[in-house]
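Trainee: Any chance you could fold what I've pasted below:
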Amino acid sequence: MPFTKFSNLDFDQIKTSIKDYLRSNSNFSDFDFEGSNFSVLIDTLAYNTYITAFNTNMAVNESFLDSATVRRNVVSLASNIGYLPRSRKASKATISFSVTPNNDSDFYQCSSSTRNCMYG
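Mentor: Numbers count the residues shown, from 1 in each chain. As a prediction, this is how the structure comes out:
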């Protein structure tokens, strides 16, 4: 059995690896993989392998603090080292501003206590 590289995450490379493995087997040494119905099975196997490798890669990335992207996973990993993050809160700000109109006809008046605005 030939050495198989499991680091390929490209569909075409996985498909080529499967064909190379089957060609090395004496039962399939003279088999045409391109023009046969067996090609559909190889495509299905390569697709399944690609999706499994992708999902495994995503799961492993979520297992480490440096590469985790889901907040729940980051909080869980941070709690392992003794850090307890605060819960999510929206920002608050108090803003005040004044407007000096160019003329009296274009005056916009707002009362911050009543939150009623009038244009006059």
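Trainee: Make sure Phe31 is actually in contact with Lys19.
Mentor: No. Counting by Cβ atoms under 8 Å, Lys19 is not a contact partner of Phe31; they are 9.4 Å apart. In this view, the C-beta of every residue, glycine as well, is placed from N, C-alpha and C.
Trainee: Which residue of the two possesses the greater neighbour count?
Mentor: Of the pair Phe31 and Lys19, Lys19 is the one with more neighbours under other Cβ atoms under 10 Å, namely 18 against 12.
Trainee: Helix or strand: which one has that one?
Mentor: Counting by DSSP states H and E, the element that carries Lys19 is helix 11-24.
Trainee: so what's Ala78 closest to, chain neighbours aside?
Mentor: Pro85 (6.0 Å; Cβ to Cβ, 6 or more residues apart in numbering).
Trainee: looking at this, that neighbour is in a strand?
Mentor: No. Read with DSSP: H, G, I helix; E, B strand; the rest coil, Pro85 is coil and lies in no strand.
Trainee: would you put the C-alpha positions of the longest helix anywhere in the chain in CSV?
Mentor: Using DSSP state H to define each element, the chain has its longest helix at helix 38-61. Extracted in CSV, the C-alpha atoms of helix 38-61 (Å, rounded to 0.1, in the frame of the first residue of the first chain):
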residue,chain,number,x,y,z
PHE,A,38,-16.8,3.9,-11.3
SER,A,39,-15.8,7.5,-11.8
VAL,A,40,-19.1,8.6,-10.1
LEU,A,41,-18.3,6.5,-7.1
ILE,A,42,-14.8,8.0,-6.9
ASP,A,43,-16.3,11.5,-7.2
THR,A,44,-18.8,10.7,-4.4
LEU,A,45,-16.0,9.3,-2.2
ALA,A,46,-13.8,12.3,-2.9
TYR,A,47,-16.6,14.7,-2.1
ASN,A,48,-17.4,12.9,1.2
THR,A,49,-13.7,13.0,2.1
TYR,A,50,-13.5,16.7,1.3
ILE,A,51,-16.5,17.6,3.4
THR,A,52,-15.3,15.4,6.3
ALA,A,53,-11.9,17.0,6.2
PHE,A,54,-13.4,20.5,6.1
ASN,A,55,-15.6,19.8,9.1
THR,A,56,-12.8,18.3,11.0
ASN,A,57,-10.6,21.3,10.3
MET,A,58,-13.3,23.6,11.6
ALA,A,59,-13.9,21.6,14.7
VAL,A,60,-10.1,21.5,15.5
ASN,A,61,-9.8,25.2,14.9
